[in-house]
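In: got a predicted model here, sequence first, then my questions.
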Amino acid sequence: MATIVRSSLNIFPRFAQRLTAFRAYQRTSLATAVATESRPIDEKWTLASAVCLERYPKIVQQKTPLEDRISINLQKIELEQSVLCDHELKHLEDMAKKKQIEAESGSSEPLKGGEVSAGLPEETKLTAADLEDSWEKDALEFVLEGGSRETAADKENDLQSLNRKLDKKLFLVVKQRIGDYEHWMLPQGDHQQDESMRETAERTLRETCGDSIQSRFLGNAPCGFYREKLSKTLQEKLCVNGNKVFFFRAEFNQGSVIVSDRITDYKWLTVEEMADYLEPDYYKKCKMFVSDLW
Amino acid sequence: MAAPMINSLTANFSRLGVAARTASSSLQLNRCLRTQAHPLLFLTTDHLQKKGQHPHMNKRLGKKKKQLEKLLAKMDKRAQLIKAPIKERIIDMKLEKEAVKIRKRELSVPPEEREKEMKKFSHEWKVYCRDFITQEIHTVQKRLLSQQKALGELRKESEELYQKAIAIDEDLYNFSVKRLTDTPAIPGFQPIDGEYTDVTIKYD
């Protein structure tokens, strides 16, 4: 990453200015964020951990129109700078022979492929064009066998399937009961005593989505933070200001989600689709650490 | 009385060259021996005796000898094996040039026009790349900011939990990510070995 930044600074001076400005802004905001302020005595929060389970893309993303144009042009240049290969030479020879036969027979009508091969000696009955056709047929069959980019889950729009949107990141979103209402959210669980926040997150994933899910947590530190404030009547009733939720990123490896009593529904969604399900405030906080890039 | 006696004695020893210089200083004998006349009066040897060879030295030499013998035996064995001959290929420059001529491709578009086309794209491409990099940097910065904020909030709640959160996760050291492919993998597919002819030469 550092090398990318450094190289880009040399190329774009204006961009470098903007970046330094952004860094200055970031430093000041970090200082305020990290500074340990003395907490007002009357404030009391309960802690919770949430898991942002990600399924990484399995195939490369499709090229943008510009990328496509550039790559086609580069391929053309590369082809023009090369010399003819054996196959192409053979094709040229075939064409020359075809012309010769036509001239000998004296007919103005062009001969078909089969007639050309009939006129040739036995060793070279398969022309280069014939070979190409057969290869193309094989390649098409091979792709149709099961390697297509669009899967059945994409066609059916099955949001619970892990086999959809193979070129994008998918995030696990569950319908969980908080208080009296059900919300679409990332799987969340309350913190217990003698437990680090990461352990809470791991336990939450096991309890909400079943034991079969194999995942790898990315570090001990939380990647995001969300504050749920309770209404004033509830605050007085429970003597708690609200809930502090810490998010942990985890990479999905294997397994499938099993609906437990803590959740009623689950979905694997892309970043854009998450906006339709999550609450706007919650989604805004999630956007800080959720992205399609890595 | 003593002086004349010594004098007579010294006279007897004159052959040895032991004589008083003067009669007056007869008591002060000068013991100067001259051996010029007969040098072999002292027992001397013709040559120095050779130093005796140390027993360890002998062992070492024996070892060296054995090693050399082993090496020679090895070399003899190796000499019996047939060496693979080196194949040299000398390409005729004339033929090579002709081959390039035959294989020359006819250009559909002249190279100058192709360059012009690429120049048209180049600006667009640079802008695209810059935007992509900025987007990448922004996401990284956003993530760092979000993490720092979360850690700050955690520290406000409890110092112990904060210390646990910033501890190093050793499971991440062997971090690996799978490479992406153009199309998804076909389940249960086993790649076939391509057709090939073995051209390596074997020497017996």
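Out: Looks like it arrived, so ask away.
In: show me the strands in the stretch 51-200 of chain A, by range?
Out: Per DSSP state E, counting those that start in this stretch, the stretch 51-200 of chain A carries strands over the ranges A:170-178, A:181-185, A:188-190.
In: quickly find the element holding the spatially most central residue of chain B.
Out: Central residue of chain B (CA atoms, centre = their mean): B:Leu71, 23.8 Å from the mean position. In this structure, B:Leu71 sits in helix B:55-80 according to DSSP states H and E.
In: now do that helix: which elements does it pack against?
Out: Helices and strands touching helix B:55-80, as assessed by 3 or more CB pairs under 8 Å, 6 or more residues apart in numbering or on different chains; DSSP states H and E, are absent. The way it works is simple: take the backbone N, C-alpha and C, and place the C-beta from them, glycine included.
In: if we can go back for a sec, the strands of the stretch 51-200 of chain A into JSON lines, with extra columns for distance to A:Leu205, mean pLDDT and mean neighbour count?
Out: JSON lines is the format used below for the strands of the stretch 51-200 of chain A (distance: least, CB to CB, whole Å; pLDDT from 0 to 100; neighbours: other CB atoms under 10 Å in any protein chain shown):
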{"stretch": "strand A:170-178", "distance to A:Leu205": "9", "mean pLDDT": "88", "mean neighbour count": "20"}
{"stretch": "strand A:181-185", "distance to A:Leu205": "14", "mean pLDDT": "86", "mean neighbour count": "15"}
{"stretch": "strand A:188-190", "distance to A:Leu205": "8", "mean pLDDT": "88", "mean neighbour count": "19"}
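In: reformat the ones you listed as CSV; add distance to A:Lys90.
Out: CSV is the format used below for those (distance: least, CB to CB, whole Å):
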stretch, distance to A:Lys90
strand A:170-178, 48
strand A:181-185, 62
strand A:188-190, 66
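In: against B:Gln80, how distant is the residue nearest to the centre of chain B?
Out: Using CB to CB, to the nearest Å, B:Leu71 is found at 15 Å from B:Gln80.
In: same question for A:Asp133.
Out: In terms of CB to CB, A:Asp133 sits 57 Å off from B:Gln80.
In: likewise for A:Phe248?
Out: With distances taken as CB to CB, A:Phe248 is found 70 Å from B:Gln80.
In: how about A:Val51?
Out: 71 Å.
In: these two: which has the busier surroundings?
Out: The neighbour comparison of A:Val51 against B:Gln80 (other CB atoms under 10 Å in any protein chain shown) goes to A:Val51, with 28 against 6.
In: in this structure the more buried one contacts A:Arg203, no?
Out: No. Between A:Val51 and A:Arg203 there is no contact under CB atoms under 8 Å: 9.9 Å.
In: which residues of the chain score low on pLDDT?
Out: Picking chain A for this. Across chain A, the ranges flagged by pLDDT under 70 are A:1-16, A:26-42, A:107-125, A:143-147, A:294.
In: looking at chain B here, not the other one
Out: Those would be B:1-53, B:55, B:204, if you go by pLDDT under 70 across chain B.
In: mind naming the longest helix for chain B?
Out: Ordering each helix of chain B by length in residues (DSSP state H) puts helix B:111-157 first.
In: what is it packed up against?
Out: Under the contact criterion of 3+ CB pairs under 8 Å, 6+ apart, helix B:111-157 touches helix A:2-11, helix A:13-34, helix A:65-81, strand A:224-229, strand A:242-254, helix B:159-165.
In: could you check the angle strand A:224-229 makes with it?
Out: Relative orientation of helix B:111-157 and strand A:224-229, computed by axes from the mean of the first three to the mean of the last three CA atoms, to 10 degrees: 50 degrees.
In: what is the distance between helix B:111-157 and the centre of its chain?
Out: The chain centroid and the centroid of helix B:111-157 are separated by 45 Å under CA atoms, centre = their mean, to the nearest Å.
In: check stretch B:83-101 too.
Out: 37 Å.
In: put the alpha carbons of that stretch into PDB.
Out: This file holds the C-alpha atoms of stretch B:83-101, laid out as PDB (Å, rounded to 0.1, in the frame of the first residue of the first chain):
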ATOM      1  CA  LYS B  83      29.900 -38.100 -20.900                       C
ATOM      2  CA  ALA B  84      26.800 -36.700 -22.600                       C
ATOM      3  CA  PRO B  85      28.000 -35.000 -25.700                       C
ATOM      4  CA  ILE B  86      27.200 -31.300 -26.000                       C
ATOM      5  CA  LYS B  87      25.000 -30.400 -28.800                       C
ATOM      6  CA  GLU B  88      25.900 -27.300 -30.600                       C
ATOM      7  CA  ARG B  89      23.600 -25.600 -33.000                       C
ATOM      8  CA  ILE B  90      24.900 -23.000 -35.300                       C
ATOM      9  CA  ILE B  91      22.100 -21.100 -37.100                       C
ATOM     10  CA  ASP B  92      22.800 -19.700 -40.400                       C
ATOM     11  CA  MET B  93      22.200 -16.000 -40.200                       C
ATOM     12  CA  LYS B  94      21.000 -15.900 -43.800                       C
ATOM     13  CA  LEU B  95      18.400 -18.600 -43.200                       C
ATOM     14  CA  GLU B  96      17.300 -16.900 -40.000                       C
ATOM     15  CA  LYS B  97      16.700 -13.600 -41.800                       C
ATOM     16  CA  GLU B  98      14.800 -15.400 -44.500                       C
ATOM     17  CA  ALA B  99      12.600 -17.100 -41.900                       C
ATOM     18  CA  VAL B 100      11.700 -13.700 -40.400                       C
ATOM     19  CA  LYS B 101      10.800 -12.500 -43.800                       C
END
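In: so for that stretch, what gets flagged as buried?
Out: Across stretch B:83-101, burial judged by 16 or more other CB atoms under 10 Å in any protein chain shown covers no residue at all.
In: is that stretch anywhere near chain A?
Out: Yes. Interface with chain A: stretch B:83-101 contributes B:Val100 (CB under 8 Å from any CB of the partner chain).
In: give me the contacts around that stretch.
Out: A:83, B:201, B:203 (CB atoms under 8 Å, 6 or more residues apart in numbering or on different chains).
In: kindly recompute the last result at 10 Å.
Out: A:83-84, B:201-203 (CB atoms under 10 Å, 6 or more residues apart in numbering or on different chains).
In: report the two of these separated the most.
Out: A:Leu84 and B:Tyr203 (36.5 Å; CB to CB).
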